[in-house]
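>>> what would the 3D arrangement of this be:
(2 chains)
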Amino acid sequence: MSRLRRSALIFGALLATLLLAACSSQPLRNMEPGEQPAEDTDEGGLWDALADSERALQRSPLLVRDEALNRYVNGLVCRYAGEYCKDIRVYIIRRPYFNASMAPNGVMQIWTGALLRAENEAQLGFVLGHEIGHFLGQHSIKQWRRTKDTANALSLLQLIAAGSPSASAGDAFDVALFAAYASLFKYSRDHERESDLHGFERSVALGYDANQGWKLWQALLAEENARDRRKPSSVFATHPATEERLTTLRREAEALPTNGDGTGSAEFSDALRPFLTTWLADEVQRRNYPQTLVLLDRLQSRPEVPNAGMLAYFRGEVFRKRRAPGDDKRAIDAYVAALDLPGYPAETMRALGYAFRRVEDIESANEAFADYLEARPNADDRALIEHLMTEPVRRHED
Amino acid sequence: MQAFGTHAGSLIRHRFAGLLLALVALFLSACSSTHVRTDAEFDVARDLGGKSVVLVEPSIQLFEMQASGLMEPRADWTRAAREKLPAAINAILDQRKANLKPEYRVSADLPSDARPRQVLALNEAVINTIFTHSYLHVPLPTRGASRRKPLSWTLGPGVSAIREETGADYMLTVIVRDSYTSTGRAALMILAAALQIGVLQGGQQFGVATLVDLRTGDVVWFNVLSDSLGDLRDVEGAQATASKLLKGLPL
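As a prediction, the model looks like this:
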């Protein structure tokens, strides 16, 4: 080893020590309500850059702008956030997945897939409380700093490894890299655990049934388990396994001496009901049919979903789109069942027509199409349906 | 996160070969370049004398490059640049006797389907396409690989929405992303050079400026700037960057 190399390595090792020591020294701000980070800090930089993406969010075609729904969700966020209410801006995003997110500048996103899956106000509140937990815990900036420090230390280690004459230095670096990434993901999972507990504690403080949090996870676990492929838990998971979160929350709820029994106001149902048909149609478009079937079963038992006909229609849609063996027949059965139930949409008859064509029952198909056109005399697709009624069935009918 | 090869050291065996390579790379990365493209009629038909120009929603963001290469946004630098660069651009346009309109921003309460918003969104999409096709040389199914031809892009006559809002004949768009080497990065760069492992990239200035005719919607001038020495945090730096950004502008 040359002298230059040796001294560089020593220099590098010293620098690494310095960098790693700097990791823990940066304090978090007190975060009083209404307070913003100073402009010349890393957090100030993140806020400034996030302002642009917030403007993009405000223009997004996916933003749900309905006034009543926004008023309701905002009100619930305020109840959970207390004096930090004004620091949080809620954006409802039309995406059919269970998700919500929190940016360090107070931008909270809640996806319609989460609204569809929360059974009551207490469950929705738990999700919102979880996100507020991220905000108050300053998790984003903590994660950013940890990522930054880890990446810096890794870069240095990488140089040292590359400069080292030892053949095993590269391997040692690979191990360090793996460990560093795993530790970053664990850091993220710890934040999720912390936020779960925050959502739980706020729910309890607000007098909601403490069991609603784990019941929501239980429902989500049932959906997770229904998927085609199982996803193993990993050291690279950003979130803890659903099962673990369920168990922790259940234990916490059962340890409470007393428990509120409120699942929340009827406002929840009033605010969400007008959107259920749209969100269910979006849900079917995910093409994750086993999960959608589990969700439809669960929705059947919800009081604010009185129109069983609509659920039966979407069940038919799942089968008609999935086209597994036997699904043509299942689709017809579901649509026929829907027509006997309250609240089925007129599209049920059109879909039934298509389903009958698949099994080459032209007569029943045309009957269903005629019913559809009678129910919707001004349907956009009237000409198309009328034409279809004169057409023989093709081999690969859609 | 930026990653570079794990075993780079073993690739460069000879001490001087490594140093030479490092120097060459240093020169390459330290240079400043601008690449201007114009539409076909540009030289004969474009005379901007007495015409009015409006600067539209300049997008400027400054970062500090961390030792690892991660980019951390810096609000204080960005704010300074958002004041200084437009001011420097306006000063140049003024000097060249352009009739300058006040900077235009779409008002926040306009719905997302409002015409001015849609035109600016289209402008952004066209800028991205021109850059990808004409500068990164990604062929387009509709244009093949004929990237050497003059610009022939248009936003269409719908741009009149911006003309009605601003009263300008031409719209100037400026996008700048600028990063600066942090102390940690500088130390790492020196270390990498000392160990003859390679040259690590430091902070870099990157900018795009375009001019659109607000009557036809045609993109008449397009410039891409890449510079490893530019600095937008002070007045002189902003002036230097502005004049590079506006190079070849027909004024």
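>>> can you list contacts of stretch B:152-171?
Residues outside stretch B:152-171 that contact it (C-beta atoms under 8 Å, 6 or more residues apart in numbering or on different chains) are B:39-40, B:48, B:51-54, B:56, B:101-102, B:104, B:115-116, B:118-120, B:122-123, B:126, B:129-130, B:211-220. From N, CA and C alone the C-beta is placed, and that goes for glycine too.
>>> what number of residues lie near B:Ser107?
9 (other C-beta atoms under 10 Å in any protein chain shown).
>>> cool, and A:Ala38?
Using other C-beta under 10 Å: A:Ala38 sits among 11 other residues.
>>> nearest residue to it other than its sequence neighbours?
A:Gly44 (5.4 Å; C-beta to C-beta, 6 or more residues apart in numbering or on different chains).
>>> for the one you found, give me its contacts.
A:Gly44 touches A:Gln36, A:Pro37, A:Ala38, B:Ala75, B:Asp76, counting by C-beta under 8 Å, 6+ apart.
>>> could you look up the SS state of it?
At A:Gly44 the chain is in helix, as set by DSSP: H, G, I helix; E, B strand; the rest coil.
>>> separation between it and B:Arg37?
Distance, A:Gly44 to B:Arg37, by C-beta to C-beta, to the nearest Å: 37 Å.
>>> now do the same contact list for the nearest residue to A:Asn288 once chain neighbours are set aside.
Among residues not flanking A:Asn288 along the chain, A:Arg227 sits closest, at 6.5 Å (C-beta to C-beta, 6+ apart). If you count contacts by C-beta under 8 Å, 6+ apart, A:Arg227 has them with A:Asn288, A:Pro290, A:Gln291.
>>> quick check, pLDDT for the residue nearest to A:Ala38.
pLDDT recorded at A:Gly44 is 93.
>>> check the one 5 residues further on too.
Taken from the predicted model, the pLDDT recorded for A:Ala49 is 91.
>>> got the buried residues for the host helix or strand of it?
Assessed by DSSP states H and E, A:Ala49 sits inside helix A:42-59. By 16 or more other C-beta atoms under 10 Å in any protein chain shown, the buried positions in helix A:42-59 come out as A:Asp42, A:Glu43, A:Gly44, A:Gly45, A:Leu46, A:Trp47, A:Asp48, A:Ala49, A:Leu50, A:Leu57, A:Arg59.
>>> stretch A:71-80 now?
Burial within stretch A:71-80, assessed by neighbour count using 16+ other C-beta under 10 Å, is assigned to A:Tyr72, A:Val73, A:Asn74, A:Leu76, A:Val77, A:Cys78, A:Arg79, A:Tyr80.
>>> equivalent analysis for stretch B:202-218, please.
Burial within stretch B:202-218, assessed by neighbour count using 16+ other C-beta under 10 Å, is assigned to B:202-205, B:207-214, B:217-218.
>>> wait, which of the residues you listed is closest to chain A?
Nearest to chain A among the buried residues of stretch B:202-218, counting by C-beta to the nearest C-beta, is B:Gly202 at 13.2 Å.
>>> for that closest one, phi and psi?
When read as degrees, to the nearest 10, the backbone of B:Gly202 gives phi -100, psi -160.
>>> quick one, longest helix in the chain?
Answering for chain A, as no chain was given. Ranked by residue count, the top helix of chain A under DSSP state H comes out as helix A:169-205.
>>> let me rephrase: I mean chain B.
Chain B, longest helix under DSSP H: helix B:75-95.
>>> which strands and helices lie in contact with that helix?
With contacts taken as 3 or more C-beta pairs under 8 Å, 6 or more residues apart in numbering or on different chains; DSSP states H and E, helix B:75-95 sits against helix A:42-59, strand B:52-65, strand B:99-104, strand B:170-181, helix B:235-245.
>>> need these in a markdown table with distance to A:Ala114, can you?
A markdown table is the format used below for these (distance: least, C-beta to C-beta, whole Å):
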| stretch | distance to A:Ala114 |
| --- | --- |
| helix A:42-59 | 16 |
| strand B:52-65 | 31 |
| strand B:99-104 | 38 |
| strand B:170-181 | 34 |
| helix B:235-245 | 44 |
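>>> out of the ones you listed, which is the most enclosed?
strand B:170-181 (a mean of 22; mean count of other C-beta atoms under 10 Å in any protein chain shown).
>>> count the residues that sit near the closest residue to A:Leu388 other than its chain neighbours.
For A:Leu388, ignoring the flanking residues on the chain, the nearest one in space by C-beta to C-beta, 6+ apart is A:Phe369 at 6.9 Å. For A:Phe369, the count of nearby residues is 21 (other C-beta under 10 Å).
>>> and A:Phe369, what's its pLDDT?
pLDDT recorded at A:Phe369 is 97.
>>> buried ones in the one helix or strand it maps to?
For A:Phe369, the element it lies in under DSSP H and E is helix A:362-375. By 16+ other C-beta under 10 Å, the buried positions in helix A:362-375 come out as A:Ser364, A:Ala365, A:Asn366, A:Glu367, A:Ala368, A:Phe369, A:Asp371, A:Tyr372, A:Leu373.
>>> quick check, nearest of the residues you listed to chain B?
Taking C-beta to the nearest C-beta as the measure, A:Tyr372 is the one of those closest to chain B, at 31.2 Å.
>>> need phi/psi at B:Met71.
Main-chain dihedrals, B:Met71, degrees, to the nearest 10: phi -100, psi 120.
>>> what does stretch A:113-121 contact?
Against stretch A:113-121 from outside (C-beta under 8 Å, 6+ apart): A:73, A:76, A:92, A:95-100, A:124, A:127, A:208, A:212, A:215-216, A:219-220, A:263-265, A:267-268, A:272, A:275-276, A:279-280, A:282-283, A:295, A:298, A:302.
>>> can I get the buried part of those as one PyMOL selection?
A single PyMOL command selects the buried members of the contacts of stretch A:113-121 (16+ other C-beta under 10 Å):
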select buried, chain A and resi 73+76+92+95+96+98+100+124+127+208+212+215+216+219+220+263+264+268+272+275+276+279+280+282+283+295
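>>> give me the subset of the contacts of stretch A:113-121 that lies in helices.
A:73, A:76, A:124, A:127, A:212, A:215-216, A:219-220, A:267-268, A:272, A:276, A:279-280, A:282-283, A:295, A:298.
>>> nearest residue to the middle of the chain?
Since no chain was named, I'll use chain A. Nearest residue to the geometric centre of chain A (C-alpha atoms, centre = their mean): A:Asn99, 1.5 Å.
>>> actually, chain B is the one I wanted.
B:Gly207 (1.3 Å).
>>> for it, name its beta-bridge partners.
Following DSSP bridges, B:Gly207 is listed with bridge partners B:Val176, B:Leu225.
>>> do I have it right that it meets B:Thr173?
No - contact criterion C-beta atoms under 8 Å: B:Gly207 and B:Thr173 do not qualify, at 10.8 Å.
>>> chain B contacts on chain A?
With C-beta under 8 Å from any C-beta of the partner chain as the criterion, chain A comes near chain B at residues A:4-5, A:8, A:11-12, A:15, A:19, A:39-40, A:42, A:44-49, A:52, A:55, A:58-61, A:147-148, A:151-152, A:154-156, A:158-159, A:161-164, A:170, A:173-174.
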